[in-house]
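Build me a model from this:
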Amino acid sequence: MSPYVLALLLFSLGLGTTMTFASSHWLLAWIGLEINTLAVIPLMAQNHHPRAVEATTKYFLIQATAAAVLLFAGTTNAWLTGQWEIQQDTHPLPVAIITLALALKLGLAPLHSWVPEVFQGLDLTTGLILATWQKLAPLALLLQIQPPSSYLLILLGLTSTLIGGWGGLNQTQLRKILAYSSTAQLGWMVLVLQFSPSLTTLAVLVYITTTAATFLTLKLAKATNINMLAISWAKAPALIALTPLVLLSLAGLPPMTGFMPKWFILQELSKQGLAPTATLAALTALLSLYYYLRITYTMTLTMFPNNLTGTPPWRLRTRKITLPLACLAIATISLLPLTPAAVALVAL
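Here you go, the predicted model:
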């Protein structure tokens, strides 16, 4: 792809998300989401592989459906209430439809079936964009609307954490595992979204940091399934030594950074009188922990059968840029002591 075309697509990607962030009108927000979708589609299909084209087509159809439902709900809200303002929604029917349309865009369960299939057809760089940047605009809209009932978001959040953990148990493809991981992490954000938007913001920031570190690690190791991780230690020993800590942080184990948002989310749910919901969410996190531990076991405690190729006597210095990965890995592992500063920052 030409650098000029790539720069234009990345600019459009940022413009669409920024337009959705800054808009208070449903039509402008919808236009921002469409610019965002149309900008990422050429990035997804740039490899010209049949599997990538299939994933791009599926993504386009799903996003077009969600955008059409969103525009229909916004028009219905304007018809019933006489205004297009995002924060002035009063009728429960359009707000419920908008919530479901945004859930489809995000890939929340039970509207998640497209996520593993789309991720499997993409390279890890485009998958990283889909797992992080593409979630920001729909989440910003969810933060602005007032759902008619708290049970809808709680049901979506619990279903996402359960299916996100359950679906990844029997997977061997790393991109599908990361897709189910994304669904589970989004479930945690949606659970607390209506009670404490600042906690959702904190969870999004930690999620982006940990997910970006995981994607970049797998990209550097050139691994697409679990078996390929068995020889990754020979390519970058220092990185593979840190990767289990990154994965355990993504699972939310202390004392890594990923423990921070889950700790506060469980505390907030308990304060709201939702102790059973918090207990069920904590139990579903154990399902996600299992497949993170599978990856950790493969990377650290197994060896490839052919030791002649699995243990080279020398290594070439990598030409890939590793500074962002190093910074993200350190942030993923060691930011838990800065919890008071992080909470104060997102509460501003």
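
So which residues make contact with stretch 35-44?
For stretch 35-44, contacts defined as CB atoms under 8 Å, 6 or more residues apart in numbering pick out 1, 5-6, 9-10, 12-13, 15-17, 19-20, 52, 55-56, 59-60, 63-64, 67, 122, 126, 129-130, 134, 137. For glycine as for every other residue, the C-beta is placed from the backbone atoms N, C-alpha and C.

List buried members of these by neighbour count.
9, 12-13, 16-17, 19-20, 52, 55-56, 59-60, 63, 67, 122, 126, 129-130, 134, 137 (16 or more other CB atoms under 10 Å).

Out of the residues you listed, name the ones that lie in strands.
The strands, defined by DSSP state E, take in nothing from the buried ones among the contacts of stretch 35-44.

biggest helix in the chain, by residue count?
Counting by DSSP state H, the longest helix found in the chain is helix 50-81.

What's the per-residue pLDDT of Ile5 here?
For the record, residue 5 is Val, not Ile. pLDDT for Val5: 92.

Just give the nearest non-adjacent residue to it, would you?
Nearest-residue entry for Val5: Pro42, 7.6 Å, with adjacent residues in sequence omitted and distances by CB to CB, 6 or more residues apart in numbering.

Tell me how many other residues crowd that neighbour.
Residues lying near Pro42 (other CB atoms under 10 Å) number 15.

Just list the residues touching Tyr291, thanks.
165, 168-169, 171, 177, 180-181.

Would you mind writing the CA trace of the helix or strand that the longest helix of the chain is followed by as CSV?
Toward the C-terminus, helix 50-81 is succeeded by helix 92-106 as the next helix or strand (DSSP states H and E). C-alpha atoms of helix 92-106 as CSV (Å, rounded to 0.1, in the frame of the first residue of the first chain):
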residue,chain,number,x,y,z
PRO,A,92,-36.9,4.0,26.4
LEU,A,93,-37.5,2.2,23.0
PRO,A,94,-35.0,4.1,20.9
VAL,A,95,-32.4,4.0,23.7
ALA,A,96,-32.7,0.2,24.0
ILE,A,97,-32.4,-0.2,20.2
ILE,A,98,-29.3,2.2,20.2
THR,A,99,-27.8,0.2,23.0
LEU,A,100,-28.2,-3.1,21.1
ALA,A,101,-26.8,-1.5,17.9
LEU,A,102,-23.7,-0.3,19.7
ALA,A,103,-23.4,-3.7,21.3
LEU,A,104,-23.3,-5.2,17.8
LYS,A,105,-20.6,-2.7,16.7
LEU,A,106,-18.5,-3.5,19.8
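
any idea how far Ala7 is from Leu13?
11 Å (CB to CB, to the nearest Å).

What's the end-to-end length of stretch 333-347?
23 Å (CA to CA, to the nearest Å).

Report the buried residues of that stretch.
333, 335-336, 339, 342, 346.

Out of those residues, flag the one nearest to Ile31.
Val346 (27.9 Å; CB to CB).

Can you show me the helices along the stretch 201-348 of the chain?
237-251, 259-271, 275-300, 307-310, 323-334, 339-346 (DSSP state H, counting those that start in this stretch).

and Gly157, which of those helices is closest to it?
Minimum separation from Gly157 across the helices of the stretch 201-348 of the chain (CB to CB) falls at helix 275-300, 7.5 Å.

coming back round to it: looking at the contacts of Tyr291, which are in helices?
Using DSSP H, those in helices are 165, 177, 180-181.

who wins for most neighbours among those residues?
Tyr180 (27 neighbours).

how much space between Gly164 and Gln171?
Counting by CB to CB - Gly164 and Gln171 are separated by 12 Å.

got any residues that touch both of these two?
Tyr180.

Pull out the buried residues from stretch 250-266.
250-253, 256-262, 264-266.

Show me the contact partners of it.
181, 185, 188, 191-192, 196, 199, 202-203, 206-207, 209-211, 214, 245, 248-249, 278, 281-282, 285, 288-289, 292-293, 331-336, 339, 342-343.

Just the buried subset of the residues you listed, please.
181, 185, 188, 191-192, 196, 199, 202-203, 206-207, 209-211, 214, 245, 248-249, 278, 281, 285, 288-289, 292, 331-333, 335-336, 339, 342.

Touching, Leu70 and Trp30? I think so.
Yes. Between Leu70 and Trp30 there is a contact at 5.9 Å, judged by CB atoms under 8 Å.
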